[in-house]
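K.L.:
Got a sequence here, can you model it:
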Amino acid sequence: MVADDYRDFGTKLLNPIAVNIPLGPMGISILSLVTAITAGYSFYIVDADLNNKIWLLIGGAMVFLTAVLDALDGIVARLRDLSSKRGDLVDHTLDRVADIIILGGIALGSIVDIEVGFAAIIGVLMLSYMGTQAQAVGAGREYAGLLGRADRLIVLIIVPIIYYFNQEQNYMELMCYMFAIVCTLSAFYRFNRIWAELKE
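P.N.:
Prediction:
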């Protein structure tokens with residue numbers, strides 16, 4: 001994942017917030033889910049003619065907050081020595097719920113064909129599943145491939161902004177095609193890596 005190369009830099013930026021934030025990891029995770037729901041709803045209500053295209057910017061801003069909070073809950077958990085398997089379970093579960101809600105809002109809305117939107121959801125879920133399934137079978141968490149979660153969130157922040165200012169192409173639909181194809185191929189790539197590691 002491209003964005004993972006900057007994980008340490010992001011952690012340094014968020015550390016001051018993590019030290020002072022009054023919420024615990026669980027509270028931050030719940031707040032992240034709220035921003036994801038708001039993002040999904042924002043994309044859902046954008047009409048096909050983009051008469052209310054301001055919601056594209058609002059949706060992108062909510063995805064940004066979701067990304068920040070998603071990173072912040074883990075940092076807070078480590079700083080306060082609150083990391084646990086239950087916390088990891090909740091974090092991964094809410095991540096998947098957030099993915100479904102954000103992309104579901106796009107898929108069910110008016111700006112992309114529903115088939116393309118749901119193909120994107122399937123690709124994203126398959127990619128995420130292969131990452132956690134690797135851990136489940138004892139191969140360790142698998143992050144290989146393109147368009148991991150951090151990358152997708154960055155794309156979901158940038159593309160609505162581009163589409164707001166330039167409607168020559170339906171960039172939201174192109175994004176969904178990209179998620180559907182690239183995430184599915186990355187899921188197969190992860191599967192092959194896991195398969196090879198288990199064979200050894």
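K.L.:
got any ranges where the chain has weak pLDDT?
P.N.:
Residue ranges of the chain with pLDDT under 70: 1-7, 200.
K.L.:
residue boundaries of the helices in it?
P.N.:
Using DSSP state H, the helices of the chain run over residues 7-20, 25-44, 54-79, 85-108, 114-136, 149-165, 171-199.
K.L.:
In terms of secondary structure, what does the first one contact?
P.N.:
Using 3 or more C-beta pairs under 8 Å, 6 or more residues apart in numbering; DSSP states H and E as the contact criterion, the neighbours of helix 7-20 among helices and strands are helix 54-79. In this view, the C-beta of every residue, glycine as well, is placed from N, C-alpha and C.
K.L.:
by contact count, what packs against the helix it packs on?
P.N.:
Counting contacts by 3+ C-beta pairs under 8 Å, 6+ apart, helix 54-79 packs against helix 7-20, helix 25-44, helix 85-108, helix 149-165.
K.L.:
tell me the angle of that helix relative to helix 85-108?
P.N.:
Calculated by axes from the mean of the first three to the mean of the last three C-alpha atoms, to 10 degrees, helix 54-79 forms an angle of 170 degrees with helix 85-108.
K.L.:
Mean neighbour count and distance to residue 134 added to the helices and strands packed on helix 54-79, as JSON lines?
P.N.:
Formatted as JSON lines, the helices and strands packed on helix 54-79 follow (neighbours: other C-beta atoms under 10 Å; distance: least, C-beta to C-beta, whole Å):
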{"stretch": "helix 7-20", "mean neighbour count": "13", "distance to residue 134": "19"}
{"stretch": "helix 25-44", "mean neighbour count": "21", "distance to residue 134": "23"}
{"stretch": "helix 85-108", "mean neighbour count": "18", "distance to residue 134": "13"}
{"stretch": "helix 149-165", "mean neighbour count": "20", "distance to residue 134": "15"}
